[in-house]
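*Asks:* Got a sequence here, can you build the structure:
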Amino acid sequence: MKLGLSIGYSGPQLEVPVALVQRAEELGYDSVWSAEAYGSDAITPLAFLAAKTNRIKLGTGIMQLAARTPANAAMSAASIDAMAGGGRFIAGLGVSGPQIVEGWYGQPWGKPYYRVKDYVAIMRKIFKREAPVTHEGREISLPYTGEGSAGLAKPLKSILHMNPNIPIYLATGGEAMVKLTAEIADGWLPMGFVPGAMEEYGPWLEEGFRRAGNGKSMKDFTIQASVHVEVDNDVKGALARLKPEVALYVGGMGHRTKNFHNDIMVRRGFGGAANRIQELYLAGHKDEAIATVPDEWVDLKSLVGPPARIRDRYRAWEDSGADSLSVRSRQPEAIEVMAKAARLN
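*Replies:* Now for the predicted structure:
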């Protein structure tokens, strides 16, 4: 199994962990992944890291669709890939949620399934440069001819001769979107992936490959899972440090009626806790929401404890069906322990 390093998005201050990424590259990590929510963006840190590294792949986990047009996402991906020497950029895309899409970006939630489908198709046309780009989609069309159009649009082809094979990964978790991911994407950033999850996801992926209609299979596809890693002899203490983020996402990162992170927790058998966390969080009782997060849920989707426990529990991830595992940690010791667990050196 390959390893990636997830650096996420910033808190109040933007700090790109250059030394940590460079050490991960030295240890043999395959990729580094940025993110964005409604603060720092996912693209700029990777441009900076491209200049500070030599071979590690640079992935967005994720670029939010509403933040950029598909043309701008393709331009950004191709520009960094070219600056990094080619063959290093991975365009990870996701829809985020309606609160961010409409509240932060001022875009309509629309039909995410068709928006993703159009977005990926346009990006691929831009990368390949086979003709001036036109696309007649359910959600996005080029050239634009809708309300407010000057009627003067002209199909265009990228001036930059781009890498035509920049991989596109999709962050999805529901059945329809996972099937679409397998059909149109090169890889998958799965929501709620834990050891044993392929029992649910496997048939969806196979159906997506079938829809692709070109003989596509798992050998043509990458599953990039992610896991929190916290090295500490105090297992309960390590689990407790990860609970505030769980409470934030399960309780508050989305509306009461549409929260993908809450839905995943319910699907994994923790429905009572998920509902209670959301109820407390939305009522402003954040500390109580954090205390309600079960140790078992955090432990299921994390690798915490002393190095021996992490190495032992890593085996389940190695056998999970994922091709690569992104380590979500800023802890230098965690990067070293995971490299040994994955036998990178």
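*Asks:* Can you report the mean pLDDT over the residues of the helix or strand containing Tyr113?
*Replies:* Taking DSSP states H and E as the definition, Tyr113 sits inside helix 112-128. The pLDDT scores in helix 112-128 average 98.
*Asks:* packing partners for that helix?
*Replies:* Applying 3 or more Cβ pairs under 8 Å, 6 or more residues apart in numbering; DSSP states H and E, we find helix 112-128 packed against helix 70-83, strand 89-94, strand 135-136, strand 168-172, helix 175-184. C-beta coordinates here come from the backbone N, C-alpha and C atoms, glycine included.
*Asks:* switch the cut-off to 7 Å
*Replies:* When contacts are defined as 3 or more Cβ pairs under 7 Å, 6 or more residues apart in numbering; DSSP states H and E, helix 112-128 sits against helix 70-83, strand 135-136, strand 168-172, helix 175-184.
*Asks:* Tell me which of these sits most buried.
*Replies:* strand 168-172 (a mean of 25; mean count of other Cβ atoms under 10 Å).
*Asks:* where's that strand relative to the chain centroid, distance-wise?
*Replies:* Distance of strand 168-172 from its chain centroid, counting by Cα atoms, centre = their mean, to the nearest Å, is 7 Å.
*Asks:* I'd like to know which elements that strand is packed against.
*Replies:* Short answer (3+ Cβ pairs under 7 Å, 6+ apart): strand 168-172 packs on strand 89-94, helix 112-128, helix 175-184, strand 187-190.
*Asks:* Whichever helix or strand Leu280 is part of packs against which elements?
*Replies:* Under the criterion of DSSP H and E, Leu280 resides in helix 271-282. Here helix 271-282 touches helix 260-267, helix 286-292, going by 3+ Cβ pairs under 7 Å, 6+ apart.
*Asks:* got a markdown table for these, with mean neighbour count and distance to Ala24 too?
*Replies:* Converted to a markdown table, the helices and strands packed on helix 271-282 look like this (neighbours: other Cβ atoms under 10 Å; distance: least, Cβ to Cβ, whole Å):
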| stretch | mean neighbour count | distance to Ala24 |
| --- | --- | --- |
| helix 260-267 | 20 | 26 |
| helix 286-292 | 17 | 29 |
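*Asks:* Those helices: which one's closest to Asn214?
*Replies:* The closest of the helices and strands packed on helix 271-282 to Asn214 is helix 260-267. By Cβ to Cβ, the value is 29.3 Å.
*Asks:* Now the closest one - C-alpha only, PDB.
*Replies:* Extracted as PDB, the C-alpha positions of helix 260-267 are listed here (Å, rounded to 0.1, in the frame of the first residue of the first chain):
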ATOM      1  CA  PHE A 260     -23.000  13.700   4.600                       C
ATOM      2  CA  HIS A 261     -20.700  13.100   7.500                       C
ATOM      3  CA  ASN A 262     -23.600  12.400   9.800                       C
ATOM      4  CA  ASP A 263     -25.100  10.100   7.200                       C
ATOM      5  CA  ILE A 264     -21.800   8.100   7.000                       C
ATOM      6  CA  MET A 265     -21.800   7.600  10.800                       C
ATOM      7  CA  VAL A 266     -25.400   6.400  10.700                       C
ATOM      8  CA  ARG A 267     -24.500   3.900   7.900                       C
END
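*Asks:* List the contacts of that helix.
*Replies:* 97, 173, 191-192, 249-250, 253-254, 274, 278, 297 (Cβ atoms under 7 Å, 6 or more residues apart in numbering).
*Asks:* Skipping its backbone neighbours, what lies nearest the residue most central in space within the chain in space?
*Replies:* Closest residue to the average C-alpha location of the chain: Gly61 at 3.3 Å, with Cα atoms, centre = their mean. Once flanking residues are discounted, Gly61 sits nearest to Trp33: 3.8 Å by Cβ to Cβ, 6 or more residues apart in numbering.
*Asks:* check contacts around the one you found.
*Replies:* 4-7, 59, 61, 326.
*Asks:* go with 8 Å
*Replies:* 4-7, 59-61, 92, 224, 226, 326 (Cβ atoms under 8 Å, 6 or more residues apart in numbering).
*Asks:* Export the helix holding Tyr113 to CSV, keeping only CA atoms.
*Replies:* Only the C-alpha atoms of helix 112-128 are listed here, as CSV (Å, rounded to 0.1, in the frame of the first residue of the first chain):
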residue,chain,number,x,y,z
PRO,A,112,-24.7,17.7,-8.0
TYR,A,113,-24.7,14.4,-9.9
TYR,A,114,-24.9,16.1,-13.3
ARG,A,115,-22.7,19.1,-12.3
VAL,A,116,-19.9,16.6,-11.4
LYS,A,117,-20.4,14.8,-14.7
ASP,A,118,-20.3,18.0,-16.7
TYR,A,119,-17.3,19.4,-14.7
VAL,A,120,-15.2,16.3,-15.3
ALA,A,121,-16.0,16.1,-19.0
ILE,A,122,-15.1,19.7,-19.5
MET,A,123,-11.8,19.3,-17.6
ARG,A,124,-10.8,16.3,-19.7
LYS,A,125,-11.6,18.1,-23.0
ILE,A,126,-9.4,21.0,-21.8
PHE,A,127,-6.5,18.8,-20.8
LYS,A,128,-6.6,16.9,-24.1
